[in-house]
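Colleague: Return a 3D structure for these sequence lines:
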Amino acid sequence: MAIMFITSYPDFFLALPLIFSIISGFIEALVIGLTSDEKWDNLHNCQSEIQSRSRWSLALLLVVIFGVGAVTMIGTIARTFDLLYSEGAFG
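Modeller: Reported below is the predicted structural model:
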């Protein structure tokens, strides 16, 4: 049954690595964005005198990234369950 499922929807399984890489990119953006300024400076600016200052634009960007990542993940889960249990009857 699994082989029939995979051969019935080859485009979805070709796009699956892309979807997973997009989701992991969103997670990495959140991790980088939520890193404190002191920790960021210790890791990346230790040889220079540059000091990082996060502003409200970073917080807004993180909210947008989180929202897009959540919608992508929910859509992927919904489409996967649609294909698995109803064999794509809803789209």
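
Colleague: Contact partners for the residue most central in space within the chain?
Modeller: Nearest to the geometric centre of the chain sits Ile23, at 2.1 Å (C-alpha atoms, centre = their mean). Counting by C-beta atoms under 8 Å, 6 or more residues apart in numbering, Ile23 touches Gly69, Thr72, Met73, Thr76. To be clear about C-beta, it is placed using only N, CA and C from the backbone, and glycine gets the same treatment.

Colleague: For ChimeraX, what selects the buried ones among those residues?
Modeller: Only the buried entries of the contacts of Ile23 go into this ChimeraX selection, using 16 or more other C-beta atoms under 10 Å:
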select :69,76
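
Colleague: could the contacts of Ile23 go into CSV alongside distance to Ile32 and pLDDT?
Modeller: As requested, these are exported to CSV (distance: C-beta to C-beta, whole Å; pLDDT from 0 to 100):
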residue, distance to Ile32, pLDDT
Gly69, 13, 82
Thr72, 18, 85
Met73, 19, 84
Thr76, 22, 84
